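A.B. asks: quick check, what structure comes out for this input:
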Amino acid sequence: MIGALAGIDGPDDLKKLSMKELAGVCAEIREYMTEHISQSGGHFASSLGVVELTVALHYVFDSPRDKIVWDVGHQCYPHKILTGRRDAFPAIRSFGGISGFPKMKENVHDHFGVGHASTSLSAGLGMALSRDIRGLDHHVVSIIGDGALTGGMALEALNHAGYLQRRLIIVLNDNKMSISENVGALSQYTSRITKTRLYRSVKETVDSIARTSDDKQGIERLRKSLKGAASPSFLFEKLGVSYMGPVDGHRMEDIISALKVAKRARGPVLVHLKTVKGKGVDYAEEDSTRFHGVGKFDKKNGNTVACAGCSYTDVFGETLVRMAGKDKRIVAITAAMCQGTGLSEFARLYPDRFFDVGIAEQHAVTMAAGLASQGMIPVVAIYSTFLQRAYDQMVHDVALQGLPVIFAIDRAGLVGEDGPTHHGAFDCSFLRSIPGLTIAAPKDKNELIQMLYLAKSIGGPVAIRYPRGGNSGENLHFEERGMEVPSSELLIPGKSCVIIAAGSMVGPALEAARAINSERKGCVAVINARFIKPIDPRIVGFLRRVGKGVVVEENSVLGGLGSGIAEMVCAERIKIRILGLPDRFIPHGKRDRLLAHSGLTSEDIEKAVRSLL
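C.D. replies: You can find the predicted model right below:
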């Protein structure tokens, strides 16, 4: 490492540098990130876009005394490099290495742990209130992107901050992107209002009056009012939040100047920065969606290695496109994750039946309920970890009314390097208690296809959970072949013990059974449960016959399939072991390493079965 970055071990070291030296640090940070993220993967374009902002924040404010709160956190890599974790950065997101998101237990400069969007304003306001109650005098800075600002929670916090009038600095990182392009009225506010026919008509009228009127001051007031109505400041200041900007988010002097002015504000103030996602690396700027979260790539040209085969996400998207071609009632809904959930082709082919609601999971689910109430078949594609945010809507707006909404729950189970904020560890547990909800977990991609066809015919709410990836080659059958609810599948017969597996755990269960059966022929049976709810009563019947069973699932050991089966046989003399994700938050790292860490390998299953035998 050459240059000033090598001498920066904490934020205080930045304050000794000139503006020219700070610009050099920014260039070095981009080079350093490119070098290491190209080898490890990670959130690249989002971090490139906030390099100048991050340097300016640590130059102007005094962390950890002043509190800097990031939203989502996928843009925190420059922050980590500047706060004593430069040398640990090469191992970011690896097992035992630093997290890819801010994490309070990791560093004193990570003032709030994040991973989900639209939280920084609420957290920052809470910190500001605590400061005032305790009679302290430090600054609180909440950074939020224009994509995250579409989330209802952020708007609730903005409204409350304006009402309370406590000192809070809000930095709006406006790059016109969340992961994919932003959607929604708020993100289009400025450009839309200046392009409307009404705006142009009023402007032309004012100009016409100006040519003949002697009241120059009155005309100027009219023009200022019109300009104000078209300015971003109009919305924020109506909410009681002072507005500054827009500021070029890549001009260090301008950012520092704006932040210094914001420090003097006596109430909430918003500093609006215009940035470019992927800034400074050509291929990341040109395709910031692909480089938002990326695997290994060639740092010279950005080329990545394509995965062989197709993933569960790909198969879901292809199946839904085929279904929609035959049934015009099918609509697809996602919350700012069109590409991530496999809906890009659906959006291209059926734009009138595709809805990206922005980072607004609660709205997505209730809107789906509204569609279903009018005879449509809405499919809500959403990551397991983000579905947690819409639990009330699933209960009250969908299940209570028995509406046929299909939930395609991607990234169920362990997702790997993104860690505990993104693991889909709890969906079976929090969904299983909802009356009338069918929960399915396919063992492979062909089963996912059949479950989607089945979900359409059930007539009530259905959730289908499937893991990230699964890029192995597979002969796919997209035609409907028929499946019933509930219908488990006996994969291997056995007379002494049965392994009941769900979804991704069917493969390891088969490996464990074959290892034991190679020594004790016909000893261990394997059942593919298929349905978490309702549970096939034939599973209980099989358990009664053999007397011993091991349940395996990639979900929290509390409240999932194993708990459901244990509840059904609790009064009977049946020995059951439940293997699932332990009752703790699982760290980040490669998925295989995390499965071993969680006791969910084929060897772990084999050991559990042998202990029963």
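
A.B. asks: going forward, measure contacts and count neighbours with C-alpha atoms only.
C.D. replies: Will do.

A.B. asks: so how far is the top strand by length along the chain off the chain centroid?
C.D. replies: In the chain, assigned by DSSP state E, the strand with the most residues is strand 548-556. Distance, stretch centre to chain centre, for strand 548-556: 27 Å (CA atoms, centre = their mean, to the nearest Å).

A.B. asks: ok, it: who's next to it in the sheet?
C.D. replies: strand 497-501 (parallel), strand 575-581 (parallel) (DSSP bridges).

A.B. asks: buried ones in the following helix or strand past the last one, by neighbour count?
C.D. replies: Using DSSP states H and E, the helix or strand that directly follows strand 575-581 along the chain is helix 591-597. For helix 591-597, the neighbour count (16 or more other CA atoms under 10 Å) marks Arg591, Leu594, Leu595 as buried.

A.B. asks: which outside residues touch helix 591-597?
C.D. replies: Contact with helix 591-597 is made by Phe95, Leu414, Val415, Gly416, Glu417, Ile586, Pro587, His588, Thr601, as judged by CA atoms under 8 Å, 6 or more residues apart in numbering.

A.B. asks: that older thread, now the buried residues of helix 591-597 in CSV, please, with extra columns for pLDDT and distance to Ala399.
C.D. replies: Listed next are the buried residues of helix 591-597 as CSV, based on pLDDT from 0 to 100; distance: CA to CA, whole Å:
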residue, pLDDT, distance to Ala399
Arg591, 94, 33
Leu594, 97, 34
Leu595, 97, 33
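
A.B. asks: of all the residues you listed, which comes closest to Ile439?
C.D. replies: Distance to Ile439 across the buried residues of helix 591-597 (CA to CA) is lowest for Leu595, with 22.7 Å.

A.B. asks: ok, now which ones touch the nearest residue to Ser373 once chain neighbours are set aside?
C.D. replies: Excluding the flanking residues, the one nearest Ser373 by CA to CA, 6 or more residues apart in numbering is Leu403, at 6.5 Å. Counting by CA under 8 Å, 6+ apart, Leu403 makes contact with Ala369, Ala372, Ser373, Gly459, Gly460, Pro461.

A.B. asks: where is pLDDT lowest across those residues?
C.D. replies: Among the contacts of Leu403, Gly459 carries the weakest pLDDT, at 92.

A.B. asks: return the member of the buried residues of helix 591-597 nearest to Arg530.
C.D. replies: Using CA to CA, Leu595 is the member of those that lies nearest Arg530, at 20.6 Å.

A.B. asks: show me where the stretch 151-300 of the chain has strands.
C.D. replies: 168-174, 242-248, 268-274 (DSSP state E, counting those that start in this stretch).

A.B. asks: and the second one, which strands flank it?
C.D. replies: The partner list of strand 242-248 in its sheet, established with DSSP bridges, is strand 268-274 (parallel).

A.B. asks: ok, residues contacting the strand it pairs with?
C.D. replies: Here strand 268-274 makes contact (CA under 8 Å, 6+ apart) with 161-162, 165-175, 236, 240-250, 255, 258-259, 262.

A.B. asks: how many other residues sit next to Gly482?
C.D. replies: 9 (other CA atoms under 10 Å).

A.B. asks: i'd like the first residue to be 471 from this point on
C.D. replies: Yep, numbering from 471; the last one is Gly952 now.

A.B. asks: ok, it touching Lys926?
C.D. replies: No. Judged on CA atoms under 8 Å, Gly952 makes no contact with Lys926 at a distance of 11.8 Å.

A.B. asks: that older thread, can you redo the buried residues of helix 1061-1067 as JSON lines with distance to Glu989?
C.D. replies: Formatted as JSON lines, the buried residues of helix 1061-1067 follow (distance: CA to CA, whole Å):
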{"residue": "Arg1061", "distance to Glu989": "30"}
{"residue": "Leu1064", "distance to Glu989": "29"}
{"residue": "Leu1065", "distance to Glu989": "26"}
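
A.B. asks: partner residues bridging Val641?
C.D. replies: Taking DSSP bridges as the rule, Val641 bridges to Ile613, Val741.

A.B. asks: per-residue pLDDT, Gly512?
C.D. replies: The per-residue pLDDT reported for Gly512 equals 88.

A.B. asks: surely it is in contact with Gly570?
C.D. replies: Yes. Gly512 is within contact range of Gly570, at 7.4 Å (criterion: CA under 8 Å).

A.B. asks: what is in contact with these two at once?
C.D. replies: Overlap of the contact sets of Gly512 and Gly570 (by CA under 8 Å, 6+ apart) consists of Arg563.

A.B. asks: which residue packs closest to Phe878, ignoring adjacent ones?
C.D. replies: No, residue 878 isn't Phe; it's Ala. Leaving aside its chain neighbours, Ala878 sits nearest to Ala851 (4.7 Å; criterion: CA to CA, 6+ apart).
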